[in-house]
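> Sequence and predicted structure, then a few things I'm wondering about:
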Amino acid sequence: MRRRLLCRARARQDYFGYNVHAVMNITDVDDKIIVRARRKHLLQLYRQERPQLQEVFDKATEAVNANIARQQEVCQRVGDEISTVQAERDRLQQQGDEAGAQQKERELRELDKAHGQENQKLQNEQDTANRMKQAALDTQSQGYDAALAQYLAHAAEPLAGRLDQERKHTVNDWEIFRAHGAHYEEEFMQDMDQLGCLQPQVLTRVSEHMPEIISYVDKIVRNGLAYESNGSVYFDTCTFRQRGCVYGKLKPWAVESACLAADGEADFVTSEKRHKQDFALWKASKPGEPSWSSPWGSGRPGWHIECSAMAHYVLGDKLDIHVGGEDLRFPHHDNELAQAEAHHQEEWELCSTASSNGEASHDPCRAVAAAAAGNMNGSAQWQWVNYFLHTGHLSISGLKMSKSLKNFISIRDALKNHSPRQLRLMFALHHWHKPMVFDANALRGALETEATLRNFFRTTNALLRPRKLDGIASIARWQEEESKLRDQLAKAQDKVDACLRDNLDTPGAIFHIEALIRAANLYRTARETGVRTGGPPPQRMLLREVTIYVTRILRAMGLSDAPPHGMGFGNERTVSKRAADCLDACTGFRDQVRLMARQKAPREEICGSLDRLIKEIQNNYGVRLEPVTPRLKDWTFSSLASKPGLSDLDEKSCLDAMLEFKDRVRKVCGDHKAILQECDRLRDEVLPLLGVLLQDRADDTSEWVLEDPTVLAAEAEQKRREEAAARLEKRRAQLDKKRREIKKWEDLSRPIPTQLASKFSKFDKTGNPTHTAEGTALEPKAASKAAKEADKLRKARGPLDKKLAEDPAFLDKLRKEMSDLETEVTQAEQ
């Protein structure tokens, strides 16, 4: 779920017309892949040995406890580094070094994020330990296979780690690693296809480019910017700086941090390196790892060198755009830059010499590119990458989505509940370079935008569909309203273009597209309303122009599959002309029947419309209709004639629906309410199964559009859920009101002595108080006052006495109503 540039890559190609030569590097040889593949293999072998369950429990428990202790140390180290950087920041502030203090502040923000992630990893390990402990107890009454499977569902990762420590030297089948990488590569490509992402023109794998990688490393060594140590080769960051180069251009404040470099296969304390910031270009062979021969001995590439070498092999000395996640800025991309500059040391020195001789480039675009790559003075120094595009983190609950944090949602899981277009819309509605939270709000925004677009395409397509009564006789003269909408289209085009040129601002572009849609909808509604009073209809060619433009922008973002100059999402269904005519007849007949029912027309008039429909079907569609019983004069769909072109299933379905509707209306012909219910049933239940959306308009007519039946089913289900939620909310409000009402009546129903028990202890036969709560007889004045209080309660009880006089079961009925509401609410909540 980190492919945040999927809408933007297509925009560069389809909107701006760039000739894109895209290369995707596949890292199938690195520490994480090797370790995971090896652990998976060793765990499979261990299960085949069928070890004793207690042995499995003990080994896994020991492993997870070691993981917890190790992760606690990591958290402590990050915390210590935070304290050190805070002290350094404070010192710089006291010295008045604001620039240095700000750099330390940025480093602190990075470390705080890292600290949160490491703490989450610690929590995950502790949760795993607790689940393992419970699983061990739960498996005591199970058979071996079931018990082992249940336990390993929680303990597989720590157990595999312990097996790796003990047995990794036994692994010598390199196909294990290739198969592991190939599996996830294939899965990734399938996911990208599902999302509709453009495929790269070139795909490079580390394992297939070993000669080029070794040659690339060798040149850096020969240039004096790398050194061999115990069979490994390290990049010499100190010499690199001494030659006037900058290490850490993209994130300079992170260079000194051991914690921030940890994810980049960096080890600040290894004894093999000359300097703590040096990083591996080539790693000496270790037991249980794939290896290749090299001038420095058997080994494999470091993570960073792979990308630099393969990009150089395919694209040459310079890259226009380098893409990656924000988390790759340092150390990965910074190390790639350093490697490329070290590899091209001759070009670097040549450009530096030219710059010192006053030959610096005065191209402002070049200066901007240089600044983007880290050369802030915009000089003519050689640079490898003109622009880096770093996508913002995708996060959940405040933490970066990551497998290591166990808080990730796979693309396949996301696609179970949302369509590819909805996910692409979710990404397009956020700036590509900013952090994004994957939650219900983000998805809700995408669903709302999709609904806006879909409804616009539906209404426009319905309007643009030719009908028998249409023709060149329609008024085509533009008036003020048409000119206004055309101006709004032109302004929207300018604004969308400005947004896309401003750092590929797709959220802004979509905002202006939605504003244009609202303007078009207002124009269309106003024109359709005016038609009833003799005004001109909406100008179809103008609305077609708006729709084609909206579609073009969506296509440039990968949100539409429509062809050039097409309209809609591109997956709209088509229908034959005869089937369209049939739908027109069906919906027109429904409009007629619906209007007569609303006007409470006589039964004979409604039945007459049924007879006219029968004749139209027989005349226009070649359908033979036979009476079920001559006495009832009812009809049923018998068969389709052999008329050419009438064997289309969709057309038959349309006729079936129309004739079924006719039969059901005839049976309730004298009941206007029942007829309206049949009209609603045709719209809401029958036609959606055929993929037909029928929309009633204010002028008592309707229009139909074709849609994917699954989309209509999903919309109907969503509508049912919303209606159910509204009903539940209404019932809850009714229940609360009923409870308050019952409490009021029940309080009044309590005897007066009960209501006044806190003040008085004895009462006379009339219910008036005679003694205080302490048992003392009331004085005459106090007794009179107490009697007035009792009279006030009797008067308040008057309405209840009246209710009970009319219906002695009044309170019982209220309680029954409340009980029924409670039952209804409880059932709805389940």
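That came in fine, so what should we check first?
> Could you report the separation of residue 771 from residue 758?
Distance, residue 771 to residue 758, using C-beta to C-beta, to the nearest Å: 13 Å. Backbone N, C-alpha and C define where each C-beta goes, glycine included.
> Looking only at neighbour counts, state which of these two leads.
Neighbours of residue 771 and residue 758, each counted by other C-beta atoms under 10 Å, are more numerous for residue 771; the result is 15 against 8.
> how about low-confidence regions in the stretch 651-800 of the chain?
Applying pLDDT under 70 to the stretch 651-800 of the chain picks out no residues at all.
> run the last query once more with 80
651-652, 698-699 (pLDDT under 80).
> That one: strands as residue ranges?
692-696, 702-706, 760-763, 769-772 (DSSP state E, counting those that start in this stretch).
> quick one: strands adjacent to the second one?
Pointing back at strand 702-706 there. strand 692-696 (antiparallel) (DSSP bridges).
> Would you mind writing the CA trace of stretch 155-168 as CSV?
Presented in CSV, the C-alpha positions along stretch 155-168 are these (Å, rounded to 0.1, in the frame of the first residue of the first chain):
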residue,chain,number,x,y,z
ALA,A,155,5.0,-18.7,17.6
ALA,A,156,6.3,-19.3,14.0
GLU,A,157,8.3,-16.0,13.8
PRO,A,158,10.3,-16.3,17.0
LEU,A,159,10.8,-20.0,16.5
ALA,A,160,12.0,-19.5,13.0
GLY,A,161,14.5,-16.9,14.3
ARG,A,162,15.9,-19.4,16.8
LEU,A,163,16.2,-22.1,14.2
ASP,A,164,18.0,-19.6,11.9
GLN,A,165,20.6,-19.0,14.6
GLU,A,166,21.2,-22.7,15.1
ARG,A,167,20.9,-24.1,11.6
LYS,A,168,21.5,-21.4,9.0
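> Buried ones in that stretch, by neighbour count?
Judged by neighbour count using 16 or more other C-beta atoms under 10 Å, the buried positions of stretch 155-168 are 155, 156, 157, 158, 159, 160, 161, 162, 163, 164, 167, 168.
> from these, which single one is nearest residue 764?
Closest to residue 764 out of the buried residues of stretch 155-168 is residue 155 (78.5 Å), distances taken as C-beta to C-beta.
> coming back round to it: which one of the strands of the stretch 651-800 of the chain lies closest to residue 545?
Per C-beta to C-beta, nearest to residue 545 of the strands of the stretch 651-800 of the chain: strand 702-706, 19.5 Å.
> Least confident secondary structure element in the chain?
helix 364-373 (a mean of 37; mean pLDDT, DSSP states H and E).
> circling back to that earlier point, can you tell me which of the buried residues of stretch 155-168 end up in helices?
Among those, the ones falling in helices (DSSP state H) are 155, 156, 157, 158, 159, 160, 161, 162, 163, 164, 167.
> And these, which is closest to residue 799?
Once C-beta to C-beta is applied, the member of those that ends up nearest residue 799 is residue 155, at 69.1 Å.
> Can I get the ones in helices among the buried residues of stretch 155-168 in a markdown table including pLDDT and distance to residue 605?
Converted to a markdown table, these look like this (pLDDT from 0 to 100; distance: C-beta to C-beta, whole Å):
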| residue | pLDDT | distance to residue 605 |
| --- | --- | --- |
| 155 | 95 | 77 |
| 156 | 96 | 75 |
| 157 | 95 | 76 |
| 158 | 96 | 80 |
| 159 | 96 | 81 |
| 160 | 96 | 79 |
| 161 | 96 | 82 |
| 162 | 96 | 86 |
| 163 | 97 | 84 |
| 164 | 96 | 85 |
| 167 | 96 | 89 |
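> other SSEs contacting the helix or strand hosting residue 145?
Using DSSP states H and E, residue 145 sits in helix 144-167. For helix 144-167, the packing partners by 3 or more C-beta pairs under 8 Å, 6 or more residues apart in numbering; DSSP states H and E come out as helix 31-48, helix 53-94, helix 98-138.
> Cool, thanks, talk later.
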